[in-house]
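*Asks:* quick one: sequence and predicted model below, then my questions.
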Amino acid sequence: GQVVESGGGLVHSGESLRLSCAASRFTFSRSDMSWYRQAPGKERELVAAITSTGGNTNYADSVKGRFTISRDNAKNTVYLQMNSLKPEDSAVYFCNAKLIRDYGQGIRVTAYDYWGQGTQVTVSS
């Protein structure tokens, strides 16, 4: 499987960007999808996640109300709409595709866990 991010760039504080993540070679519609980010000298952190059907989403507190994750299963693509960007949002943004199979009785197996190469987002003040 493969995921490829795009849409990063340099923007000013308060502006918007939309990231895209194109998936291939796995059943996208069955996969939970997430966006992570990593700033220099910091650990990678979860930004937003969406379930396979798109029915549930969750966000890091730092981006709630500003970022929106969505997906188009017909296009095998997940998006991250980022509004009201702040300098502290500057980071490399990574797309993640993960499928965990639950066999019951506490047995859960990760079937796959794909990462892209990342796309740089830089927000100037």
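*Replies:* Sure, I can see it. Numbers count the residues shown, from 1 in each chain.

*Asks:* mind checking the end-to-end distance for stretch 57-67?
*Replies:* The first residue of stretch 57-67 is 11 Å away from its last residue (Cα to Cα, to the nearest Å).

*Asks:* pull the residues that contact that stretch.
*Replies:* Here stretch 57-67 makes contact (Cβ atoms under 8 Å, 6 or more residues apart in numbering) with 45-51, 69, 80-85, 88-89. No exception for glycine: its C-beta is placed from N, CA and C like everyone else's.

*Asks:* also stretch 20-36?
*Replies:* Residues outside stretch 20-36 that contact it (Cβ under 8 Å, 6+ apart) are 1-7, 19, 44-53, 69, 71, 73, 75-80, 93-100, 112, 114, 116.

*Asks:* selecting buried members of those residues in ChimeraX, what would you type?
*Replies:* Buried residues among the contacts of stretch 20-36 (16 or more other Cβ atoms under 10 Å), as a ChimeraX selection:
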select :3,5,7,19,47,48,49,50,52,69,71,73,76,77,78,79,80,93,94,95,96,97,99,114,116
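
*Asks:* gap between residue 87 and residue 18?
*Replies:* For residue 87, the distance to residue 18 (Cβ to Cβ, to the nearest Å) stands at 19 Å.

*Asks:* partners of residue 81 in the sheet?
*Replies:* Beta-bridge partners of residue 81, counted by DSSP bridges, are residue 18, residue 68.
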